[in-house]
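*Asks:* sequence and predicted model, in that order:
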Amino acid sequence: MAKEIAVLTAVDGQTAPMDQGGLLRVYRRQEGGWQEERSMPLLMAAGGGLAGLRKQLAAMVEFLAGCRIVVASTITGVPYYELEKAGCSLWEMQGAPLELLNEVLAGEEEQAVKPAVETVSLPIPEELGEGRYRISICEVQRASGGITSKQVLQPWLQGRIFASLEILCTHVPPWLECEWQSGGAFAGVKEKLPSGEWKVFLQGK
């Protein structure tokens with residue numbers, strides 16, 4: 001396993017939200033410690049729209065080179081989608097890089113040897129009447145049996161006319177958030193619940 005981890009930091013040296021940008025630092029583990037190998041400013045300027053944002057993220061992936069572990073305080077929406085698509089392992093953590101790197105590396109190594117668990121059954125939306133539906137994908141997201149949120153939701157959403165779909169999830173699927181942010185076939189809002197789970201409310205157009 002590569003011993004490089006990239007951390008997005010703010011001016012105070014703490015982890016920064018990916019959508020606000022900051023200084024991207026790549027650390028390499030050598031001789032039992034972590035050393036900063038390289039860094040680049042990540043602007044995430046909103047002026048270029050969705051195409052400009054994707055261009056900046058593509059430059060970020062090129063800069064990362066062989067590093068495929070990225071840490072920021074929050075990573076959502078288009079950045080999450082694009083970095084996940086590039087094969088990056090994403091971590092949302094608060095704090096200074098040198099306080100977090102060993103924990104992230106240990107988590108990555110644990111994931112690498114984690115045995116496969118039994119797959120869960122594919123949930124389907126429950127009809128509530130008048131074009132309203134609801135579904136929980138929490139079990140799918142917690143399992144590592146190969147079923148993804150996209151496999152559950154995308155076939156149902158494609159070509160279907162609905163008034164609303166309420167989705168309970170452990171985290172908001174980045175591809176889904178990207179879909180409604182880019183003006184897809186439905187509008188969406190998200191709400192974090194006191195339990196730590198999320199509720200997503202999709203509204204057909």
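*Replies:* Yep, it's here. Here the structure is a predicted model, which is why all the values come from computation and not from measurement.

*Asks:* could you find the closest non-adjacent residue to the residue most central in space within the chain?
*Replies:* Centroid-nearest residue in the chain, with CA atoms, centre = their mean: Tyr80, separated by 3.8 Å. Once flanking residues are discounted, Tyr80 sits nearest to Pro174: 3.7 Å by CB to CB, 6 or more residues apart in numbering. Heads up, the C-betas are built off the backbone N, CA and C, glycines and all.

*Asks:* average pLDDT across whichever strand or helix holds Gly52?
*Replies:* In the assignment (DSSP states H and E), Gly52 maps to helix 49-64. Helix 49-64 shows a mean pLDDT of 87.

*Asks:* what's that helix in contact with?
*Replies:* 6, 24, 26, 38, 40, 42-46, 48, 70, 78-79, 82-83, 86, 88, 181-182 (CB atoms under 8 Å, 6 or more residues apart in numbering).

*Asks:* list the buried residues in it.
*Replies:* By neighbour count with 16 or more other CB atoms under 10 Å, helix 49-64 contains the buried residues 53, 56-57, 60-61, 64.

*Asks:* check which helices and strands the following helix or strand past it sits against.
*Replies:* Per DSSP H and E, helix 49-64 leads on to strand 69-72 as the next helix or strand towards the C-terminus. When contacts are defined as 3 or more CB pairs under 8 Å, 6 or more residues apart in numbering; DSSP states H and E, strand 69-72 packs onto strand 4-9, strand 89-92, helix 97-113.

*Asks:* and those: which comes nearest Gly196?
*Replies:* Judged by CB to CB, the one of the helices and strands packed on strand 69-72 that comes nearest to Gly196 is strand 89-92, at 12.5 Å.

*Asks:* checking my notes, Glu139 in a strand, right?
*Replies:* No - Glu139: not assigned to a strand; according to DSSP: H, G, I helix; E, B strand; the rest coil it is helix.

*Asks:* distance of it relative to Val189?
*Replies:* Computed as CB to CB, to the nearest Å, the Glu139 to Val189 distance reads 23 Å.

*Asks:* same check on Leu57?
*Replies:* For Leu57, the distance to Val189 (CB to CB) stands at 24 Å.

*Asks:* burial measure for the nearest residue to Gly204 once chain neighbours are set aside, as a count.
*Replies:* Spatial nearest neighbour of Gly204, excluding adjacent residues (CB to CB, 6+ apart): Phe162 at 4.8 Å. The number of residues packed near Phe162 is 16, by other CB atoms under 10 Å.

*Asks:* try Gln30
*Replies:* Gln30, neighbours per other CB under 10 Å, totals 10.

*Asks:* on that earlier part again, more neighbours: which of Glu139 and Val189?
*Replies:* Taking other CB under 10 Å, Glu139 and Val189 do not tie; Glu139 has more neighbours (13 against 10).

*Asks:* residue contacts, the residue nearest to Gly204?
*Replies:* If you count contacts by CB under 8 Å, 6+ apart, then Phe162 has 131-133, 202, 204 around it.

*Asks:* in the protein, what spans have low per-residue confidence?
*Replies:* Per-residue confidence for the chain (pLDDT under 70) gives these ranges: 1-2, 45-48, 112-121, 144-146, 159, 205.

*Asks:* tilt between the helix holding Gly52 and strand 4-9?
*Replies:* With axes from the mean of the first three to the mean of the last three CA atoms, to 10 degrees as the basis, helix 49-64 and strand 4-9 are set at 140 degrees to each other.
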